[in-house]
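Peer 1: one predicted model, sequence on top.
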Amino acid sequence: MQLDISANLASFKKTSSFQSGVLSFMANLQTSAEELEDLKKMFIRLDSSKDGYLNADELRSGFSEIVGTFQAENLDFDTMIEAMDTDGDGRIDYTEFITAAFNR
């Protein structure tokens, strides 16, 4: 199943911690188990360092493989990371990824 995550990740706006928590909760409720499993597999695939976090280089490299280099070149991965990074630590954990990737 191919999810349109790149568009969701690119358009995700930085929200308050409360809003992020609510979105995360909603994502878990409204997303089917199959979709969550697909997102989990994608996160693991993108996490080339296997440290449980994504950075701009991992997103760039992973999305080049998934959507093709040409389409990935048009995405601003630094801005994407900044928008998804709700706790401000400069990297994306699984919960932040799921919240941002959730197709609202």
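Peer 2: Alright, I've got the coordinates.
Peer 1: what sits closest to Leu46 if chain neighbours are left out?
Peer 2: Excluding the flanking residues, the one nearest Leu46 by Cβ to Cβ, 6 or more residues apart in numbering is Gly62, at 3.7 Å. Every residue, glycine included, has its C-beta placed from N, CA and C.
Peer 1: so the one you found: helix, strand or coil?
Peer 2: helix (DSSP: H, G, I helix; E, B strand; the rest coil).
Peer 1: need the contact list for it.
Peer 2: Met42, Arg45, Leu46, Ser48 (Cβ atoms under 8 Å, 6 or more residues apart in numbering).
Peer 1: show me which of these are buried.
Peer 2: The neighbour-count test (16 or more other Cβ atoms under 10 Å) applied to the contacts of Gly62 identifies Met42, Leu46 as buried.
Peer 1: out of the contacts of Gly62, which is nearest to Asp76?
Peer 2: Asp76 lies nearest to Leu46 out of these, by Cβ to Cβ, at 16.5 Å.
Peer 1: distance of that closest one relative to Glu65?
Peer 2: The gap separating Leu46 from Glu65 is 9 Å, by Cβ to Cβ, to the nearest Å.
Peer 1: Ala100 is in what secondary structure piece?
Peer 2: Element membership for Ala100, per DSSP states H and E: helix 94-101.
Peer 1: and that helix, C-alpha only, in CSV?
Peer 2: C-alpha atoms of helix 94-101 as CSV (Å, rounded to 0.1, in the frame of the first residue of the first chain):
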residue,chain,number,x,y,z
TYR,A,94,8.6,7.4,15.6
THR,A,95,5.7,9.2,17.3
GLU,A,96,6.6,12.5,15.5
PHE,A,97,6.9,10.6,12.2
ILE,A,98,3.5,8.9,12.7
THR,A,99,1.8,12.2,13.7
ALA,A,100,3.2,14.0,10.7
ALA,A,101,2.6,11.2,8.2
